[in-house]
Every structure is written in C-alpha cells, then in structure tokens.
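Engineer: The sequence and its predicted three-dimensional model are supplied below.
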Amino acid sequence: MNPIKKTITLADGREITLETGKLAKQADGAVELRMGNTMILATIVSAKQAGEGVDFMPLTVEYKEKFSAAGRFPGGFLKREGRAGDYEILTARLVDRVLRPLFPDNYHADTFVNVTLYSADGVDCPDALAGLAASAALTVSDIPFNGPIAEVRVARIDGKFVIDPTFEQLERADMELMVGATADNIMMVEGEMNEVSEADLLAALKTAHEAIKDMCRVQEEMARELGVVKREYCHEVNDEELRADVREKCYDKAYAIAKAGCADKHWRIDSFDAVVEDYLAAMPEEEREAKEALVRRYYHDVEKEAMRRCVLDEGIRLDGRKTNEIRPIWCETDYLPGPHGSAVFTRGETQALATVTLGTKLDEKILDEVLVQGRERFLLHYNFPPFSTGEAKPQRGVGRREIGHGNLAHRALKRMFPDNFPYVCRIVSDILESNGSSSMATVCAGTLALLDAGVKMKKPVAGIAMGLISDEGCTKYAVLSDILGDEDHLGDMDFKVTGTADGITATQMDIKCDGLSYEILEKALNQAREGRLHILGKIHETIAEPREDYKPHVPRIVTMLIPKELIGAVIGPGGKIIQGIQEASGATVSIDEIDEGGFIEVAAPNRDSIDKALELINAIVELPEEGKTYTGTVRNIMDFGAFVEFMPHRDGLLHISEISWERLENMEASGLKEGDTVEVKLIEIDKKTGKYRLSMRALQPKPEGYVEPQRRERAPRREGGEGRGPRREGGRDRGPRRNNNAQ
C-alpha cells in the first residue's frame, strides 16, 4: 500500500484533502475526500470493451448519502437506504453534466461513477465536493478523460464571495451557484439568486473558476506522482472513404433544408431523414446492411455541420428566425375550472399547462434526508410525457431529467413567492408540446398560474434558453435566443436564465465547446435579458396583476399566534380539545410551537366554519378581564354559592351573596341548578391565587334605597393555622359566618 495525499487550502483557511491508495483499490480509480468531518469516497470503473453497436458514451453517475454518516437511522419500515432521493439525483446530475463532455468522442465503454457520503457533521455541504472527488478518481485511473475538473459552490454572503460555504453561511446568501470547470473552461453552472445583475453573475463565475484552477492542479500532481498512463482503446471502426462520400452526396441537401427556415419541426425531421434514406436506398443491399450504422453516424455529423454553417455564414436559423428573435407566444389563464389556478403558456412548438393547488399545513412536504430535515411549503413538479415530442412509448414514472428541470423552475420562482404566505402551494407543470426549453416554459406558465390563483407574487418571473454556435476556438460565433431542441442538441451551449424585470433569479448552463470567453457569456446574458423582458411583457398582457381574491373553491385560511403556555389547553389531553373544535366547526385546525409562541392555522371551505373555530379557540386562549360580562354554565352548587364555568376550563365562584340584591337564606332560594346558563360579571381576580369572583347581581339594577350591610370583621388567625378562623368549641372549622352581602 502506497497512499498519496494532497491538500487544497481554501481562501478562508479551510482544507480539503484528497487521498488515494487506501480504499477500494480494485476499482479503476478511487479517491477519499475529507473536509472537516465530512468524508466522501468516489470510485470509478469502466469496461475494457464497448458494447456492440454502441456509438455514445454510456456513463452512469450515482451519488449516495449514508444515514450513518450523520449518526441517523433511515426512516421507513425497512430501516435501510432505498432508492435515490431528489437531492441525491440532483447532485449526481451536477457531476454527470461536467464529466460527460470530457470523455473522448470515440470512447464508448460502460462507465460507472459512484460517489458516497460516509461521514458528515452538517457543517460543510457535501454536494459541492462530489464533483471534485469524482474527477480525482478519474484522474488517478487509466480511463481516458480530458480533465481534470472540479466543482465548487460560490455564494455571496454579506457582499463577499465565499467558496464552498457552510450550511450556516448559505442561509445568509443572496446568490449561490454551483460551478463546474476545467482549468481552462467553465463547463457547467447552476444556481439561484435574489434578482442579481448580469455583471454580478459574471463576477461570481470568475471567482469560482479561480478556485477550481487550484483544485485541478492538485489532481494533476497526484496523477504525475502515480505515473498514470491512460489505457489504449478502439471503440469505433471507421470508413473514411464512406465518410467523405456521405458528406459529398448529402451536405448540400442538408444545407438547403437548414436554410429553408421552416418553423415546422416535423417537416424538418422528415426532410432530414429523407436525405439519409435516399442515400441508403442507393447503396447495394449487402453493403447497406453492413454499413447503415456508419452512414447514419456520418450523416448526423453532416446535418450538424450544415445547420451550424448556415447560422454562422448566413445568419439563418433552422426555423428562419434571427439570432435574437423569440418565437410567437400565446398565453391563457383560468384555463381549467377545477384547480385553484391554471394557465397555458405556448412559445413556438413548446407548450406547458400549469396548475396551482393551495393547501393547508397538513399538505406540507416532509423532508427527511441525511443532512436536511424540515418541511417544504412551496412545491413544483414537472412532467414530460412522451407524446409531447410525438414519441410512441409508455410513460414510466418520473425520470432524472424531470427532477432536474422541475428543480430549476422551482428555484426560479421560490424567491418571488410571498413571505409568510398562509397556504402550502403546489405547482404542477405538464409539458404538452416540446421543441426547446420546456423548463423555461414551466417558469412562465407557473408565474401565470400563480397570478391566476391570487398569489401575491413579489414580481412575475420569466425564463429563456440561450444557445451558441461557434467555429473551432470560438473565433466566429452566434448567440441564439430561445433555442430549438435541435439547436440545443447540435449547438455548443444551453444557457437557461430566469428572472424578473429587475434581475436574475436562477440559471443553468451546460457548455460543450472549449475556449468560451467571458465576453461571449456577457453577450449571452445581455441578450437573455432582452428576451426575458419581451416574455414578461407577454405575461403582463395576459394577466397584469394577481387576482384580488382567491377563487370560491379555494379553502380559506386564518392564522393566529397564542402564548406557548396555552398550546396544551388548545390541544387538550390526547388531542381531545382540538379534535372537538374541528368536529364542531368543520374546519381543519393545526398548531405548531415556534419561538414566538403557538402558531395556529385554521382552514375551511367557508367563512362560517372558520369563524366558529376561531370563536372556540379564542374562548380557550382569551385571558379573563375584570369587569367583563360572560355567559357561563353552572357546574356545582355548594352551600355558600355556585361554581360557574364562565370560560372554557375556567371556573369562578358565584357566592350566594352575589346572586341577587335580596338576602338569600340558602341556595335553594336562588333557583339555580347545575347545567343552567347564566350571565355573570367577573368582579375580581385574586392576584395571588388566580381565583375568580363572579357576580350576577352586578348585572341587575340596584334597588332604590339599598344600603350595603357592614362587613363583619374576621377573627384573628391562629398561629400555625394560616387561613383559618378560631376553632369553635364542640364543632369543626367553619370560618366566619356568612351574611347576605359579604363573604
């Protein structure tokens, strides 16, 4: 065993160590990463041979967090880790998107990257370290890779950029980005921010890239010390004569289709397919069967070149638009009667149908991850059915792409969601048509649906996807606004930007070319801003302001805060009281203990139910006031008076002398019975004992000429007999004799 360890020191003095040669030595590459008490193990294994007929990079990246890393048990019946959660999938996607473009184009072996969190203390964010660990494992392996890369999170906290901030620091950030890059080029960006400027975003990218360069240098040092030699491979058999023939006979036809500028996606697909089908049809049958796969691969390159040259040389896009032109947009709100809010957003051949549902606290999403526990009140789910692209295949649950696109739209909208909003909110975006940037259509449709639901957003949000076509070295390039699916697939960049009229709220960028300058990024951002403002104008034309009120079938919610000491009184033993309130009112009542007290949420489909529930709750939490009149119930009759429940769970003494202005010889003369409802006035709250004195006579007219009898002096207290009068001979302690007007 000959382990090698390297250290990376961040600007704030924290250290990241990379070590190889101790763990998982049978993998092609394995690196252990430590930062504080966080430890990640990344391994990579790649097959020696490619599968037959495979002409792409079959890369699989998995990120897994062990509950034992934080000293916790997994939830559920089995008490073991199950399928990957959304957070793990999103982290794996961040790693995949940086690594995938850097494998050689002709390397097609099955390759598996596994990144596992084995230790964590909840201080440092492990997702920011996963890409570095995976790249280090690739770099020390013999697997061909045009890296290394690193990923960092950059956040602006109190006006300063911080690399890989802690969880605590991240809570104070007004922008945070995950950036993946080689030493020379930024490859991937994803993050959210609070309406920042394009210049601030570029400054954050530059700060992140400087930190990444040091991380790449350390990985290269490890590889040199290990004497790494990359494996030889031969995964493609090529026929250069055939390649040249395909280009010669197909390029002009493909160029003519690209230059036609037809907006119909299916016409273009059929036309491009017809070119290669005609070429294949002209081949001898035996040769066609043997070389069809090669012909299709070479023709794909021809089609790509034709589209790109048409844009660069003539400024003509596949659908005939100018480089900064947005496709036609139409929107409609209140499209569906059932949901609490709904909207359709259509841009060219991309269409999203969004719905909003407003719910109560009981609808919150419970987060129970290794390092994150809590509740989520704003949800966004994105669905991409196969029919949206005309594919004939079944829909089988939610894929990683759907989780990633939904997360981007969620991050775009959440900072513009109103603070202290009483409802739990769920947006569902179903993509009905897709030809370019359905996630950005989701942002626009989500904004429209929220406004239709009456949600008072801080500001409307729109999104746009930008593309790039460039020649080698980016000496000549074109930035494309509102890209098509083919422009994404055949282009060099997919740069999604969302925001309000005043700044950016989220972004996601994937770059597939080398040498992308900050000048090009700045141009793309400024062009994106123009497109975003155009789309926001279309949204404003459709619905300028949120609904003044929620739709009639939206449950109404009222919240209130009570002292902590009264939480138990509202809940009652075993939840008896709160359940009784719900049964009596028909409302849903939930209560949470927070720092300020007990936070109560009352929800019901109508105002009467809410008012009844609030009346019952207020009766419990209301503090008695001297001089106030109450309607109470007689609970017990005693010789000296009655005990009356004048507020829920609060009894007061109605002394016999306070029932009437007339002298009553006994309680029978009062006519009161247990269960009677009486009007009483609270005339005294004993400050020491907290006992209550009630009066009925105080609510009755005082008889004319009435003279209050003199109160009888109490006998002196005996020593050791606090609160007792003198013991009467031959009798029991009875206290002072009562009269008709004094206790």
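Structural biologist: Good, I have the coordinates. Residues are numbered from 1 along each chain as shown.
Engineer: Around A183, how many other residues sit close by?
Structural biologist: 17 (other Cβ atoms under 10 Å). Backbone N, C-alpha and C define where each C-beta goes, glycine included.
Engineer: same question, the one 3 residues further on
Structural biologist: Here the neighbour count serves as a burial measure; for I186 (other Cβ under 10 Å) it reads 20.
Engineer: wait, L102 sits on T182?
Structural biologist: Yes: under the contact definition of Cβ atoms under 8 Å, L102 touches T182, with a separation of 7.2 Å.
Engineer: all helices for the stretch 301-450 of the chain, in order.
Structural biologist: 400-414, 438-452 (DSSP state H, counting those that start in this stretch).
Engineer: right, I mislabeled it, should have said the stretch 451-600 of the chain
Structural biologist: So, for the stretch 451-600 of the chain - with DSSP H, counting those that start in this stretch - the helices run 485-490, 518-542, 567-571, 576-585.
Engineer: which of the residues in the first one are buried?
Structural biologist: Across helix 485-490, burial judged by 16 or more other Cβ atoms under 10 Å covers 485-488, 490.
Engineer: picking up where we left off before, look at L102 and T182 and report which has more neighbours.
Structural biologist: Legend: neighbour count by other Cβ under 10 Å for L102 and T182, higher for T182 (21 against 18).
Engineer: Local confidence estimate at the residue nearest to that one when sequence neighbours are not counted?
Structural biologist: Closest residue to T182 apart from its sequence neighbours, by Cβ to Cβ, 6 or more residues apart in numbering: I149 at 5.2 Å. What the model reports as pLDDT for I149 is 96.
Engineer: now A290
Structural biologist: For A290, the model assigns a pLDDT of 89.
Engineer: What number of residues are in the vicinity of it?
Structural biologist: Neighbours around A290, by other Cβ under 10 Å: 12.
Engineer: Now it: which helix or strand?
Structural biologist: Using DSSP states H and E, A290 maps to helix 285-314.
Engineer: can you check A613 too?
Structural biologist: helix 607-621.
Engineer: Report the buried residues of that helix.
Structural biologist: Buried positions in helix 607-621, judged by neighbour count with 16+ other Cβ under 10 Å: 609-610, 612-614, 616-617, 620-621.
Engineer: and if you look at stretch 643-663?
Structural biologist: 643-644, 646-648, 650-661.
Engineer: Distance check, the residue nearest to T182 against L694.
Structural biologist: According to Cβ to Cβ, to the nearest Å, I149 stands 78 Å off from L694.
Engineer: And Y706, by the same measure?
Structural biologist: 20 Å.
Engineer: for D471, same thing?
Structural biologist: Distance check for D471 against L694: by Cβ to Cβ, it reads 92 Å.
Engineer: Just want to know which of these two has more residues nearby.
Structural biologist: The neighbour comparison of D471 against L694 (other Cβ under 10 Å) goes to L694, with 25 against 13.
Engineer: and that one, what is it in contact with?
Structural biologist: Contacts of L694 were listed using Cβ atoms under 8 Å, 6 or more residues apart in numbering, and they are 632, 644, 646, 652-654, 658, 680-683.
Engineer: Ok, L202 next?
Structural biologist: 518, 521-522, 525.
Engineer: again, only using 7 Å
Structural biologist: L202 is in contact with 518, 521-522, counting by Cβ atoms under 7 Å, 6 or more residues apart in numbering.
Engineer: Helix or strand: which one has it?
Structural biologist: helix 198-226.
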